[in-house]
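A.B. asks: Pasting the sequence and the predicted model now:
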Amino acid sequence: MSPDFTLLPETFKAVEWCSDCLRLLDQRHLPGQELYQNCDDASQVAAAIRDMVVRGAPAIGVAAAYGIALAARRIAQADDWESALADDFACLEVARPTAVNLTWALRMMREQLRRLPADADVPARLLQAAEEIHAGDREANLSMARLGLQVLRRHGRGKQKVLTHCNAGALATGGYGTALGVIRAAHAAGVLERVYADETRPWLQGARLTAWELVRGGVPVTLLADVTAAHLMKTEAISWVIVGADRIAANGDVANKIGTYSLAVLAMHHGVRFMVVAPTSTIDMSLEEGELIPLEERSGDELLQVGGQDLTTGAEVFNPVFDVTPADLIDVIVTEKGIVERPDARKLAELMSTRRLH
Ligand SMILES: CSC[C@@H](O)[C@@H](O)C(=O)COP(=O)(O)O
């Protein structure tokens, strides 16, 4: 099938292999400064993931895979590669708890290591495996953009207004984005009127990253304070909320950036459809339901200050950075393998056993 939209690659790369190091666009300084950080070993990559130099579930997975490739290059020779790399796998595995793409990518790297013949050039083969994970994520982004656009067309006529939360764009993936990939495809195909982007307190991924990406790409975007979403849904004809995911349980419950659950409740109340866009590497079939997903809590400092200014003193802070949206609030999950409408355990199991794309 010939595509009816073209997505140009971004001019920036969130994650890039540069002959002997991993180059990460430091997202903590965007949009003010485009600074890059070079990582030479796995512990530097783990620190970059923990400190959110690189963020977004698929991008974290890709970076971790390169972290293992870097570790193997430093070791160069080993009789027992699994033992030699054990500490590197361990430090990457615990860098952040919620996005399962991290664990998935490390499992892919470990399986590749176990499959290699005894005389293999292990560092070269692990680098190749990391590059394949990266390229696979880019491909998945394009497939999801195409499938997500089909869903928008199936359920709506004319130009649509959509709302997104956090950043699920090129910055958060190996390529074009998940939720923002669909939104960019909708824009390129002429079916998007406007995207509303939540600012996404407290780290401001929406204001600092999503709005920046969309403005650069010429996509009409309006920034909102998070608390505006209910009013927006009541007063504007919003067709869809479109978000990414950090982990999807086997029953279709979705962990994503804090605030996603509130949006799903609001969407249900206002008759707005709710779409989750995520590669199958985000689906964790080992967890029966969303309540089992580990949710990261970050330092209270993220809430206690804005722009270097103290907001309050002496108060305790509750700062969970993800929440879980129950499957019954989700209209559709779009993956690179296909579309799951009204997700449940049976439909997800069927999807995961599919080899071919739709
Ligand atoms: C394609 S990214 C999907 C999710 O990872 C994204 O929505 C999100 O919640 C990112 O959280 P972050 O804490 O910025 O890593």
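C.D. replies: Noted; the coordinates are in hand.

A.B. asks: who touches the residue lying closest to Met352 once chain neighbours are set aside in this structure?
C.D. replies: Nearest residue to Met352, sequence neighbours excluded (Cβ to Cβ, 6 or more residues apart in numbering): Met285, at 5.9 Å. Placement of C-beta: from N, CA and C, glycine included. Contact analysis of Met285 by Cβ atoms under 8 Å, 6 or more residues apart in numbering lists Ala250, Leu348, Ala349, Met352.

A.B. asks: can you tell me which residues contact the residue in the stretch 101-250 of the chain that the ligand sits nearest to?
C.D. replies: Closest to the ligand within the stretch 101-250 of the chain is Gly244: 2.7 Å, counting by Cβ to the nearest ligand atom. Neighbour list for Gly244: Gly56, Ala57, Cys166, Ala168, Ala172, Gly177, Thr178, Ala179, Asn256, Val276, Val277, Ala278 [criterion: Cβ under 8 Å, 6+ apart].

A.B. asks: Phi first, then psi, for it.
C.D. replies: For Gly244, the backbone dihedrals are phi -90, psi -160 (criterion: degrees, to the nearest 10).

A.B. asks: same thing with Arg157?
C.D. replies: phi -120, psi 150.

A.B. asks: Just give me the neighbour total for it.
C.D. replies: For Arg157, the count of nearby residues is 8 (other Cβ atoms under 10 Å).

A.B. asks: And it, how far from Cys91?
C.D. replies: Arg157 sits 51 Å away from Cys91, going by Cβ to Cβ, to the nearest Å.

A.B. asks: same question, Arg73
C.D. replies: Look at Arg73 and Cys91: by Cβ to Cβ, they are 16 Å apart.

A.B. asks: Val241 is in what secondary structure piece?
C.D. replies: strand 238-243 (DSSP states H and E).

A.B. asks: Who does that strand pair with, and is each partner parallel or antiparallel?
C.D. replies: The strands beside strand 238-243 in its sheet (DSSP bridges) come out as strand 160-164 (parallel), strand 273-277 (parallel).

A.B. asks: Export these to CSV and append columns for mean neighbour count.
C.D. replies: Output for the strands paired with strand 238-243, formatted as CSV (neighbours: other Cβ atoms under 10 Å):
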stretch, mean neighbour count
strand 160-164, 24
strand 273-277, 25
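
A.B. asks: Go through those strands and name the closest to Leu116.
C.D. replies: When those are compared for distance to Leu116 using Cβ to Cβ, the nearest one is strand 273-277, at 33.8 Å.

A.B. asks: On the C-terminal side of that closest one, identify the next helix or strand.
C.D. replies: Going down the chain from strand 273-277, the next helix or strand is strand 283-284, by DSSP H and E.

A.B. asks: I'd like the distance from that next one to the chain centre, please.
C.D. replies: Centre-to-centre, strand 283-284 and its host chain are 13 Å apart (Cα atoms, centre = their mean, to the nearest Å).

A.B. asks: Next one: that strand, is it in contact with the ligand?
C.D. replies: No. Interface with the ligand: strand 283-284 contributes nothing (Cβ under 6 Å from any ligand atom), its closest point being 12.9 Å away.

A.B. asks: Can I get the helix or strand that comes right after that strand in PDB? Just the C-alpha atoms.
C.D. replies: Scanning forward in sequence from strand 283-284 by DSSP H and E, the next helix or strand is helix 301-304. Only the C-alpha atoms of helix 301-304 are listed here, as PDB (Å, rounded to 0.1, in the frame of the first residue of the first chain):
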ATOM      1  CA  ASP A 301      12.500  18.900  44.400                       C
ATOM      2  CA  GLU A 302      10.800  18.600  41.000                       C
ATOM      3  CA  LEU A 303       7.600  20.000  42.600                       C
ATOM      4  CA  LEU A 304       9.200  22.400  45.100                       C
END
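
A.B. asks: For helix 301-304, give the mean pLDDT please.
C.D. replies: In this model, helix 301-304 has a mean pLDDT of 91.

A.B. asks: So what touches that helix?
C.D. replies: When contacts are defined by Cβ under 8 Å, 6+ apart, helix 301-304 is touched by residues Arg201, Pro202, Trp203, Asp310, Leu311, Thr312, Ala315, Val317, Asn319.

A.B. asks: Find the nearest non-adjacent residue to the residue of the stretch 101-250 of the chain closest to the ligand, please.
C.D. replies: In space, and not counting its chain neighbours, Gly244 is closest to Ala168: 2.9 Å by Cβ to Cβ, 6+ apart.
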